[in-house]
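K.L.:
sharing a model that was predicted from the sequence below.
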Amino acid sequence: MSAHPPVQFDRALRPEWFDRALALRAETKNAAEFRAAMAAHLRAQVKGRWTLDKLVQQFQRTVGFRSPLPPERLAKALRILSEAEAAARQPVRLQLLLEAVPFLADCAQTIVRLADASGDTFTLAQLTARMQERYGHRKGIPPTVRHALQTLEAFGALGHRYGKWQRLGALSAAC
């Protein structure tokens, strides 16, 4: 048994998928129904059965029936997202994501510390090294860190330019 915390995050997520998963959570009655509906939604957008299964499982743990967030919190977030303008949705999504996925929250906090120390930019190597200190030098950590960066970029928290990642204001506000 490893002394390191579990990662439980291994695929990049997109905001539009997140919104659909949150809506499906409200529309479905149980985990099996949610899983089937989410798989049907993602099937045309994702290549490979393994990737599809992993994404559905990730959404199940994030905003589905295995989410650590209470159903009332998810329902309130869905209501806010449905009433908000496009630009106002990103912070709500990001906050939910960070609350539901501890690995992403750890990445976000580490990014804030790295960016504070170096003028809002950091490299993939810096973040990977820090996450390996916390989660162990497992072969799955570097790709998972890349997935976390891709997710945070898609959710408006990061930018990427000239080989460096840059923290955007949404990330500091969410942490």
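P.N.:
That came through, no problem. Numbering: from 1, shown residues only.
K.L.:
beyond the longest helix along the chain, next helix or strand please.
P.N.:
Counting by DSSP state H, the longest helix found in the chain is helix 102-118. Using DSSP states H and E, the next helix or strand after helix 102-118 towards the C-terminus is strand 121-122.
K.L.:
who does that next one touch, helix- and strand-wise?
P.N.:
helix 102-118, strand 164-167 (3 or more C-beta pairs under 8 Å, 6 or more residues apart in numbering; DSSP states H and E). The C-beta positions use only the backbone N, C-alpha and C, and glycine is treated the same way.
K.L.:
can you put the ones you listed in TSV and add distance to residue 144?
P.N.:
Shown next, in TSV, are those (distance: least, C-beta to C-beta, whole Å):
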stretch	distance to residue 144
helix 102-118	7
strand 164-167	15
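K.L.:
which one of those lies closest to residue 15?
P.N.:
helix 102-118 (13.7 Å; C-beta to C-beta).
K.L.:
check which residues of the closest one are buried.
P.N.:
103, 104, 106, 107, 108, 110, 111, 112, 114, 115 (16 or more other C-beta atoms under 10 Å).
K.L.:
alpha carbons of that helix, as CSV, please.
P.N.:
Taking Å, rounded to 0.1, in the frame of the first residue of the first chain, the C-alpha atoms of helix 102-118 are listed here in CSV:
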residue,chain,number,x,y,z
PRO,A,102,-8.6,16.8,-4.8
PHE,A,103,-5.7,16.2,-7.3
LEU,A,104,-6.8,19.3,-9.3
ALA,A,105,-7.1,21.3,-6.2
ASP,A,106,-3.6,20.3,-5.2
CYS,A,107,-2.3,21.2,-8.7
ALA,A,108,-4.1,24.6,-8.5
GLN,A,109,-2.6,25.4,-5.1
THR,A,110,0.8,24.4,-6.3
ILE,A,111,0.4,26.5,-9.5
VAL,A,112,-0.5,29.5,-7.4
ARG,A,113,2.6,29.1,-5.3
LEU,A,114,4.9,28.5,-8.3
ALA,A,115,3.4,31.5,-10.1
ASP,A,116,3.7,33.7,-7.0
ALA,A,117,7.4,32.8,-6.8
SER,A,118,8.1,33.4,-10.5
